[in-house]
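S.K.: Next comes the sequence, and after it the predicted model I'd like to discuss.
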Amino acid sequence: ALAALGPLGAALIAASLATTEGHGDGAVLYIWPVLWVSYFFGRRGSALIVAWVGVVHALALLSLSTNPAGIDRWLDVMVTVGIVAAVVEYLAEHNRRLVASLSAEARVDKLTGVLNRRGFDERVELELERSCRERSPVAMVSFDIDHFKRVNDEWGHDAGDRVLARLGSVLQAESRGTDVVARVGGEEFAALLPDSGIDGA
């Protein structure tokens, strides 16, 4: 229903232009349905609304007169709405990618590259639901680095960070694609192992 608002709005604007005497600036109103559809309905929606504006505006101009200048007016509108649609769709897609990237970053521990506690909790919930649905086992391994405070005290926090980062890369390299590995605390890590019983864990 929301997708239909753009074409409906363009048709109403065209009908208004067709019943208005003389030349006016009413065609600028096509920008609103183009903005709506281009922002919310992606590239395909942008192409469809521009094509639809082309059709309804051509019909509106044909109903007004047989003035040869009508083609120039039609081209002016089409170039304008085409540029607006392209720019808005590009910005909307850029915005969607940025939001997706920020959302992913909010669930990943920057130091180690594995999931953080928030990301891990979300994946645990999904995997437990799947495990119950499919009646398959799931195991969890939890561990921390022994005497990690001594590493920080004797060699400094930079060395401690390198230890954590190295452990994160080892865990990613050694885990299966289906495993969920996370840093859940300072030096605490956990791994969720779908389709694994106690022996597999």
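M.R.: Arrived safely.
S.K.: Look up how far residue 133 lies from residue 119.
M.R.: Residue 119 is 21 Å from residue 133, where distance means Cβ to Cβ, to the nearest Å. Where you see a C-beta, it was placed from the backbone N, CA and C, and this is true even at glycine.
S.K.: more neighbours, those two?
M.R.: Between residue 119 and residue 133, counting by other Cβ atoms under 10 Å, residue 119 is the more crowded of the two (20 against 8).
S.K.: host element of that one?
M.R.: Per DSSP states H and E, residue 119 falls inside helix 117-134.
S.K.: Centre of the chain to that helix, how far?
M.R.: Remark: helix 117-134 is offset 22 Å from the chain centroid, using Cα atoms, centre = their mean, to the nearest Å.
S.K.: Offset the numbering so it begins at 32, please.
M.R.: Right, with 32 as the first residue, what we last looked at is helix 148-165.
S.K.: what helices or strands is the helix or strand following that helix leaning on?
M.R.: Next along the chain after helix 148-165, taking DSSP H and E as the criterion, comes strand 169-175. Judged by 3 or more Cβ pairs under 8 Å, 6 or more residues apart in numbering; DSSP states H and E, strand 169-175 is in contact with helix 148-165, strand 219-225.
S.K.: Kindly recompute the last result at 10 Å.
M.R.: Here strand 169-175 touches helix 148-165, strand 211-214, strand 219-225, going by 3 or more Cβ pairs under 10 Å, 6 or more residues apart in numbering; DSSP states H and E.
S.K.: Give me the buried positions along the longest one.
M.R.: Put plainly, it is helix 148-165. Under the neighbour-count criterion of 16 or more other Cβ atoms under 10 Å, helix 148-165 has 150, 151, 154, 155, 158, 162 buried.
S.K.: Those residues into a markdown table, with extra columns for pLDDT?
M.R.: Shown next, in a markdown table, are those (pLDDT from 0 to 100):
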| residue | pLDDT |
| --- | --- |
| 150 | 90 |
| 151 | 91 |
| 154 | 89 |
| 155 | 91 |
| 158 | 91 |
| 162 | 91 |
